[in-house]
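Asks: Here is my input, please return the structure:
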Amino acid sequence: MDGLMGKLLFVDLNTGKSEVRTLDEETARNYVGGPALGAKILYDEMPAHTDAFAPESMLGFVSGALNGTGAFISGRYTVVSKSPVTNGWNDANSGGTFGMKMKQAGYDAVFVKGVANKPVYIFVDGDNVTIRDAAHLWGKKTEETENAIKEELGDAKIGIALIGPAGERKSLMAAVMNDTHRAAARGGTGAVMGSKNLKALVVRGDAAITVADNAGMKELNKEITDYQKNGPTKELLEFMFTKHGTSGFYEGQIFSGDSGVKNWGGSWTNEYKEDKITPITGQEMDKKYHRKRYACSTCPLACGAFYNINEENCSIEETGRPEYETQAAFGSMLLNGDPVPVNYANYICNEYGLDTISVGGTLAWTMECYEKGILSKAELDGVEMTWGNAEAIMKMTEKIGKGDGVGLILQGGSRYAAEHFGKGHEALVEANGIEIPQHDPRFAPGLSRTYRFDPTPARHVKGGLGFQGPPEVRYDYENTGERDVAGVIYKETANACGICEFADFGHPQGIYIKLLSAATGFKYTEEERMKLGKRSFIMRQAFNLREGFRREDCKISDRVLGKPPLKDGPTADITVDDEKLADNFFNEIGFNKDMVPKKETMENIGGLDSVIKDLYPA
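Replies: This is a model prediction of the structure:
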């Protein structure tokens, strides 16, 4: 099968057996890869109402369909599971090289169920699949584990997806890590992996990844290169992505009102001035710490970088440059103006395997609770969680990473901590239990529909209205459905392909579906592209519907909707009508108001027979 390997690997940790199944052409065409294919398999294979940590619970590693085909900016893979935070569907994707290497090992995806009776790692060496003892790796941090496995197998180029100590402890903020500092982070993916006593999935192989139209692929890549050199986003790509990565956006995002300030309760105009903002920008940090650039597979942008931190209170030989989300999580959210705790917290999260967005959001919740007298210094192990306290940020992040003292409570995230202490619920800012990403719905109202009602909540990388248009467009709540659905279709199909979020800036519009056609030989019409995107969304949503979720179960904190509105800053006096946005979206995509897809909608799309049977058994 061109573009795809045509094989899925299933591993049962209870029995120690593995099985290879064929990825048939119909399923491949209808679901492609990434979260779309992952949702299809988990829906078919995992019993409804399975606890996220039960042996029957499945964890999937699914390559984007374009991984390894040479298509530019296509290096993403997705980890799929049930979320132990929401008890619904979860997918989290990551870049680096793992997705490509999994395909080179001969598989489009690896699915794991069962619980090993001791720590293990799975080694997929082409056709040879073994489950190996990992007792000697249990407790080790990310980089240490990667190095140990590479030395043990005598191969520095193998692909490794693994958990750190946070995942071993089943922290609800635990991530699946790869390439030292790349993370499939949100929704507790690492906790599910830890619940299986699975330390790592290791892949190696040299299987050929064939492309249906090599000449066409080369021409499309040339078109992408020309666009990056001469297109309308040329300066943005060069100055921000290539030079500073997402960290170059920090200052602009805060001034626009997009970033969270003081646990989403403040603004730069009042409490977070320029003297605190500037030191944390990528532009300033690069001057002090930049060591070398980093690129994911088949990416000419190379937006990543490694830092060397050599400060009096922090010395790190090599650490990944913080991404924008991490800067804001440990910067503006905490009223911190010191780059050292931002970099140290980022390093700790990478080493212990934690989601930086949720850890930063949890620290912001803790600081607000401390400021308001809800949590005492004694309850926080003597740490003074005052706003902007660099030492406290570093110390508490380390406690969370180690699961030390109150860190063992905070590692569950802000909602878990509020329920543990029985207080502080008024300071929570989350969607369905997951801390909000660093893009504010009061600045871009369409995000409220995505954060609250996407099958994978609290994600800024899911499709929808996003940041479309000037204020007069963004704050117009009429006739948003068509644009919202179009955004979902685009993102669903791009994620299935393994296309990076930043291809939005580095690709000519719509070229990704041409790349998919060139790689696979499947010729997608515009109608088929739209059906592919809707099918992916419906399959992810179907997982939640089968678990019993309906619209009334989807929650988001009032604070990020402007209830009550901020009194100052760029988003002052704004209240978001997320219910109207949801009505428009569900009506346009062909769902009823309770988020259930209509039977005729699914019949028209095709490839959803199992979902139709479950939702409309009569």
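
Asks: Can you pull out the low-pLDDT segments for the stretch 101-250 of the chain?
Replies: Counting by pLDDT under 70, the stretch 101-250 of the chain contains no low-confidence residues.

Asks: now the helices for it?
Replies: Along the stretch 101-250 of the chain, counting by DSSP state H, counting those that start in this stretch, helices occupy 142-153, 165-168, 189-195, 214-230, 234-236, 250-256.

Asks: Tell me which of the ones you listed sits most buried.
Replies: Most buried of the helices of the stretch 101-250 of the chain by mean neighbour count (mean count of other CB atoms under 10 Å) is helix 189-195; its value is a mean of 29. All C-beta atoms are positioned from the backbone trio N, CA, C, and that covers glycine.

Asks: what's the offset of that one from the middle of its chain?
Replies: Put simply, helix 189-195 sits 15 Å off its chain's centre (CA atoms, centre = their mean, to the nearest Å).

Asks: Show me what the helix or strand harbouring Gly487 is packed up against.
Replies: Here Gly487, judged by DSSP states H and E, is contained in helix 481-497. Contacts defined by 3 or more CB pairs under 8 Å, 6 or more residues apart in numbering; DSSP states H and E place helix 481-497 against helix 34-45, helix 446-453, helix 511-520, helix 526-546, helix 578-589.

Asks: Ala185 and Gly360 touch, don't they?
Replies: No - between Ala185 and Gly360 there is no contact under CB atoms under 8 Å: 11.8 Å.

Asks: More neighbours: which of the two?
Replies: It is Gly360, of Ala185 and Gly360, that has more neighbours when counted by other CB atoms under 10 Å, with 31 against 26.

Asks: show me what contacts that one?
Replies: The contact partners of Gly360, by CB atoms under 8 Å, 6 or more residues apart in numbering, come to Thr326, Ala328, Ala329, Phe330, Met333, Leu334, Ala345, Glu435.

Asks: what's around the last one, how many residues?
Replies: By the measure other CB under 10 Å, the count of residues near Glu435 is 31.

Asks: now do the fifth one
Replies: Met333 has 29 neighbouring residues, counting by other CB under 10 Å.

Asks: pretty sure it belongs to a helix, no?
Replies: Yes - counting by DSSP: H, G, I helix; E, B strand; the rest coil, Met333 falls inside a helix.

Asks: Surely it and Thr366 touch.
Replies: No - applying CB under 8 Å as the test, Met333 and Thr366 come out as separate, 11.2 Å apart.

Asks: can you pull the contacts of the nearest residue in space to Gly606 that is not next to it in sequence?
Replies: Closest residue to Gly606 apart from its sequence neighbours, by CB to CB, 6 or more residues apart in numbering: Lys531 at 6.7 Å. Residues in contact with Lys531, defined by CB under 8 Å, 6+ apart, are Asn604, Ile605, Gly606.

Asks: mind checking how far the last one is from Glu600?
Replies: It refers to Gly606. 12 Å (CB to CB, to the nearest Å).

Asks: One more: Gly533?
Replies: The spacing between Gly533 and Glu600, counted by CB to CB, is 18 Å.

Asks: For these two, indicate the residue with more neighbours.
Replies: Gly533 (27 against 10).

Asks: which residues in the stretch 51-200 of the chain form strands?
Replies: Secondary structure of the stretch 51-200 of the chain by DSSP state E, counting those that start in this stretch: the strands cover 59-63, 77-82, 89-94, 109-113, 120-125, 128-133, 159-162, 176-178, 182-184, 198-204.

Asks: Ramachandran angles for Val359?
Replies: The phi/psi pair for Val359 (degrees, to the nearest 10) reads phi -60, psi -50.

Asks: mind listing what Tyr107 touches?
Replies: Contact analysis of Tyr107 by CB under 8 Å, 6+ apart lists Met5, Lys7, Leu8, Leu9, Val20, Ser63, Val124, Val203.

Asks: gap between the closest residue to Ile589 other than its chain neighbours and Asp504?
Replies: Using CB to CB, 6+ apart and skipping residues adjacent in sequence, the residue nearest Ile589 is Val485, 4.9 Å away. In this view, Val485 and Asp504 are 17 Å apart by CB to CB.

Asks: before we move on, what about Val261?
Replies: Here Val261 is placed at a distance of 25 Å from Asp504 (CB to CB).

Asks: Repeat that for Cys349.
Replies: 26 Å.

Asks: Next: Ala134.
Replies: Taken as CB to CB, the span from Ala134 to Asp504 is 38 Å.

Asks: list the contacts for the residue nearest the centre of the chain?
Replies: Centroid-nearest residue in the chain, with CA atoms, centre = their mean: Ala92, separated by 4.0 Å. For Ala92, the contacting residues are Thr78, Val79, Ala175, Val176, Ala183, Ala184, Ala185, Arg186, Gly187, Thr189, Thr456, by CB under 8 Å, 6+ apart.
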